[in-house]
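Engineer: build me a model:
(2 chains, ligands or ions: 3)
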Amino acid sequence: MKVNRRDFLKGMAVAGTAAMLTDLTVFSENDGPVNERDRPYDQWRIDGAEWVMVIDLAACDGCVDLDIPRCTNACIVGHYTPDDHLYLKVFEVHENEYSNTVYFPRPCQQCEDPPCAHVCPVSAAWQRDGDRLTLIDHTRCIGCRLCQAACPYEVRHFHFEENPKGDDIPDDKFEAQMPFTLFRGKGVTAKCEFCGLQFIGQLPHCVSACHNGALYFGDKNENAVTNAFGTTEVFTDLLARREAFRWKEEEGTKPRVFYLPASSSGNHGHGGNA
Amino acid sequence: MATVDAGDLLGRDIVENSMLKTSWKWYATFLSMLGLFVIGIYNYYLQLKFGLGVTNLDNKVFWGLYITNFVFFIGISHAGTLISAILRVTGAQWRTPITRLAEEITVLALIFGAASVFIDMGHLDRVMNIVTSGNIDSPLVWDAISISFYFMGSILFFYLPLIPDLAYYRDNLPKRYWFRRFWYKILAMGYKDDEEQLHILEKNITKMSFLIIPIAVSVHTVVSFIMSMTWRVGWNSTLFGPYFVVGAIFSGLATLMMALILFTYGYKLDYYITREHFVSLSKLLLTFTIFYVYFTLAEYLTGGYKSEVHETELLHALFYGQYAAMFWYFIFGGMIFPIIILVFVIYDKKLSDRMVKVLIFIASAMINVGMWLKRYLITVPTLARPVFHEGWNDYFPNKVEWWILVGQFAGFIMLFMLLSKMFPIISVWEVEMEEEMH
Ligand code: SF4
Ligand code: SF4
Ligand code: SF4
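Structural biologist: Numbers count the residues shown, from 1 in each chain, chains lettered A, B, ... in the order given. Ligands and ions are numbered 1, 2, ... in the order given. Now for the predicted structure:
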């Protein structure tokens, strides 16, 4: 009998250690946050590209003539998102009593070093290889919302309810995953994923919709960005000429969305550090 | 309980009574808890069916009551294992009659803590993804690992000291309890009360005590990391790990006190659990209250002094704004008044035994309410604070969330009552050994 019990106690120790090792091996299969296995959007990818957006705050008038800004609306319509899920939200910012009102559009900043991907327990929020876009795998997300807590720009949205427009999404679009971010169902996060329209030779919905051409989109490695008017600018020149800034530089996220200040004197840190 | 006159019972008889004789009061309490639990389940079913949209959570305040519960329950889980392990390791003799209850609290609180996260998840059906595609960089995965270890450890730690008691009842219960005897026989695993076996058992219990302490500390540390690994104002704090651990032991002790008093009352355990125990535990609780006051001061003072805009905004909402009532309850009801009561209990020898228990119960209940509110105040205001000029979010939990909370607490009490019927609530063999030694 005493052998039994001794064995049992030893067994428990062995089982505990084994469980720990199994856990570790399972987890160590992943090489960092990137885990490429049956990933969505994989057919839409140009390796070596690096997508960027430039937002000209001097040109954006906040579409005050409309209830919903044109860019926001184009995004909602284009992705069949619920009306209150603004993947691109335009804020009215009035920094202090000396500054003018500025309209500040906020898409996902497509961070080079995205905190959302670091914290996701299942790598459903991940930054893919190739063009290093930060995307969301809606079939893997467990809906814990840790990524929402981690994103310094609060651009991630949780689908609390069934997407009421889910049935409106044409099946062919849904299956082709074009544009990105088409979503039916509930209980997962979603956000701006830079549309994916670039892979079929178009500008993102929001960029095409801007009546002032305030939004530019392009490939950093081609050093060119284009707005709704078809004006193409040399990316680096535009940034230098207009003293571009990135939002919350201090977070170390290295956004790939660049803001051109509303006034030429430079307007660094616009939008605050909130 | 009422039907059993424990007045003249001594030692084992009390424990046997508590296990084997069940009064109508017990059934009444149990059934009402079961009822509340079922209502909670029904509300969870609604949430499962229609999505988390049935709660008041939204895209701004995406964590609310459930995450509060998560931190709270994982917190009180530190009652048991940690406290009983620390007391074992430090050789505090008076601990023996209270360890069993403490260990039971741990196991149950962990179950409901983990359940809180599951309830909060948008896709519970995919929970296994954490194992199959786990990302070791994620604080939530650290939580999963650490909490599963703690859970396994606490079950072992609850089980090992149970073996001699199980063996005793396997051999000494009357024949008509064949069902219990059958299970005790399996669970006691052939334990015989001889020197050698006892020695091995005690050695392993001691080993477990040493092992479980660092695991327990890691658990509440990584729970805090879910928040403090982010940039958010109010969470972005290096103090969070230790602050949470101390808070956990603090609220765990308070819960243990409440359970002890209720069980002493219900099962007439005064023979085992005397005023001396309550006073000793009060001293421990007082110490941790003071620790917690210190940490709270350190946290808010360093945040407030610099008057950094965002931090100030948050503190204003806590001190004078929409959260002020909860905040000041937490400060006074959760810490200051309990300190006064506990000091009184410890130093006023003239108090009757009954009064001591009543006062401690009040203090512990106040602490627990305060600590629950504190977790709410950690979770919600940080998320409700506007990023731009959006205004504060006015999240407040709705009916579904409250019912789920009620269901969880009812479930906790219900399982606790069940456990007390399944296993002796006092580690009788340890108490007896101690009596022999004296
Ligand atoms: S909500 Fe989904 S995407 Fe976000 S961290 Fe959780 S599992 Fe990852
Ligand atoms: S802005 Fe937020 S969601 Fe977008 S990549 Fe950065 S951290 Fe992720
Ligand atoms: S890039 Fe596409 S997904 Fe992103 S905000 Fe614009 S329209 Fe929406």
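Engineer: can you give me the helices in the stretch 1-150 of chain B?
Structural biologist: Assigned helices in the stretch 1-150 of chain B, in chain order: B:12-20, B:24-50, B:65-76, B:80-89, B:96-120, B:129-132, B:139-159 (criterion: DSSP state H, counting those that start in this stretch).
Engineer: JSON lines please, covering those helices and showing distance to ligand 1, mean neighbour count and mean pLDDT.
Structural biologist: Quick note: C-beta positions are derived from backbone N, CA and C, even for glycine. Written out in JSON lines, the entries for the helices of the stretch 1-150 of chain B read as follows (distance: least, Cβ to the nearest ligand atom, whole Å; neighbours: other Cβ atoms under 10 Å in any protein chain shown; pLDDT from 0 to 100):
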{"stretch": "helix B:12-20", "distance to ligand 1": "44", "mean neighbour count": "19", "mean pLDDT": "80"}
{"stretch": "helix B:24-50", "distance to ligand 1": "16", "mean neighbour count": "15", "mean pLDDT": "96"}
{"stretch": "helix B:65-76", "distance to ligand 1": "13", "mean neighbour count": "26", "mean pLDDT": "96"}
{"stretch": "helix B:80-89", "distance to ligand 1": "29", "mean neighbour count": "24", "mean pLDDT": "79"}
{"stretch": "helix B:96-120", "distance to ligand 1": "11", "mean neighbour count": "24", "mean pLDDT": "93"}
{"stretch": "helix B:129-132", "distance to ligand 1": "8", "mean neighbour count": "17", "mean pLDDT": "92"}
{"stretch": "helix B:139-159", "distance to ligand 1": "7", "mean neighbour count": "21", "mean pLDDT": "94"}
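Engineer: sec struct for the closest residue to chain B within the stretch 1-150 of chain A, please.
Structural biologist: Taking Cβ to the nearest Cβ as the measure, the point where the stretch 1-150 of chain A comes nearest chain B is A:Gly143, at 1.9 Å. Assigned by DSSP: H, G, I helix; E, B strand; the rest coil, the conformation of A:Gly143 is coil.
Engineer: now do A:Trp126
Structural biologist: When classified by three-state DSSP, A:Trp126 comes out as strand.
Engineer: that older thread, can you say which of the helices of the stretch 1-150 of chain B is nearest to ligand 2?
Structural biologist: helix B:139-159 (15.2 Å; Cβ to the nearest ligand atom).
Engineer: please save the CA atoms from that closest one in PDB.
Structural biologist: What follows is helix B:139-159 as a C-alpha-only set of coordinates in PDB (Å, rounded to 0.1, in the frame of the first residue of the first chain):
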ATOM      1  CA  PRO B 139      -0.400  38.200 -20.900                       C
ATOM      2  CA  LEU B 140      -3.600  36.200 -21.200                       C
ATOM      3  CA  VAL B 141      -1.600  33.100 -22.100                       C
ATOM      4  CA  TRP B 142       0.500  33.700 -19.000                       C
ATOM      5  CA  ASP B 143      -2.700  33.900 -17.100                       C
ATOM      6  CA  ALA B 144      -3.900  30.700 -18.600                       C
ATOM      7  CA  ILE B 145      -0.700  28.900 -17.700                       C
ATOM      8  CA  SER B 146      -0.400  30.300 -14.300                       C
ATOM      9  CA  ILE B 147      -4.000  29.800 -13.300                       C
ATOM     10  CA  SER B 148      -4.100  26.200 -14.500                       C
ATOM     11  CA  PHE B 149      -1.000  25.500 -12.400                       C
ATOM     12  CA  TYR B 150      -2.500  27.200  -9.400                       C
ATOM     13  CA  PHE B 151      -5.700  25.300  -9.900                       C
ATOM     14  CA  MET B 152      -4.000  21.900 -10.100                       C
ATOM     15  CA  GLY B 153      -1.800  22.900  -7.200                       C
ATOM     16  CA  SER B 154      -4.700  24.000  -5.000                       C
ATOM     17  CA  ILE B 155      -6.600  20.800  -5.700                       C
ATOM     18  CA  LEU B 156      -3.500  18.800  -4.600                       C
ATOM     19  CA  PHE B 157      -3.000  21.000  -1.700                       C
ATOM     20  CA  PHE B 158      -6.600  20.600  -0.600                       C
ATOM     21  CA  TYR B 159      -6.500  16.900  -1.300                       C
END
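Engineer: check which element follows that helix along the chain.
Structural biologist: Per DSSP states H and E, helix B:139-159 leads on to helix B:163-172 as the next helix or strand towards the C-terminus.
Engineer: output the contacting helices and strands for that next one.
Structural biologist: For helix B:163-172, the contact count by 3 or more Cβ pairs under 8 Å, 6 or more residues apart in numbering or on different chains; DSSP states H and E identifies helix B:178-188, helix B:195-228, helix B:428-437 as packing neighbours.
Engineer: now do the first one, average pLDDT.
Structural biologist: Computed over helix B:178-188, the mean pLDDT rounds to 88.
Engineer: what do you get for the longest one?
Structural biologist: Confidence over helix B:195-228, taken as the mean pLDDT, stands at 91.
Engineer: give the buried residues for the helix or strand that that helix is followed by.
Structural biologist: Scanning forward in sequence from helix B:195-228, with DSSP H and E defining helices and strands, the next element found is helix B:240-267. Neighbour counts over helix B:240-267 (16 or more other Cβ atoms under 10 Å in any protein chain shown) mark B:240-264, B:266-267 as buried.
Engineer: still on that earlier bit, tell me the phi and psi of the residue of the stretch 1-150 of chain A closest to chain B?
Structural biologist: The phi and psi torsions at A:Gly143 (degrees, to the nearest 10) take the values phi 70, psi 40.
Engineer: if I pick it, what's in contact with it?
Structural biologist: Contacts for A:Gly143 were tallied using Cβ atoms under 8 Å, 6 or more residues apart in numbering or on different chains; they are A:158, A:187-189, B:52, B:121-123.
Engineer: what's the separation between it and ligand 2?
Structural biologist: With the distance defined as Cβ to the nearest ligand atom, to the nearest Å, A:Gly143 ends up 16 Å from ligand 2.
Engineer: B:Phe327: which of the helices of the stretch 1-150 of chain B is closest?
Structural biologist: The closest of the helices of the stretch 1-150 of chain B to B:Phe327 is helix B:65-76. By Cβ to Cβ, the value is 14.4 Å.
Engineer: for the stretch 301-438 of chain B, which residues score under the pLDDT cut-off?
Structural biologist: Under the criterion pLDDT under 70, the flagged ranges of the stretch 301-438 of chain B are B:438.
Engineer: OK, contacts around the residue lying closest to A:Ile68 once chain neighbours are set aside?
Structural biologist: By the measure of Cβ to Cβ, 6 or more residues apart in numbering or on different chains, the closest residue to A:Ile68 outside its immediate chain neighbours is A:Ile76, 7.5 Å from it. Contacts of A:Ile76 were listed using Cβ under 8 Å, 6+ apart, and they are A:68, A:83, A:85-87.
Engineer: which residues of the stretch 1-150 of chain A fall in helices?
Structural biologist: According to DSSP H, counting those that start in this stretch, the helices that the stretch 1-150 of chain A contains are A:2-28, A:70-79, A:115-119, A:146-150.
Engineer: any bit of the last one sitting next to ligand 2?
Structural biologist: No. Residues of helix A:146-150 are not located near ligand 2 by Cβ under 6 Å from any ligand atom, the shortest gap being 6.6 Å.
Engineer: packing partners for that helix?
Structural biologist: With contacts defined as 3+ Cβ pairs under 8 Å, 6+ apart, the packing partners of helix A:146-150 are helix A:115-119, helix B:195-228.
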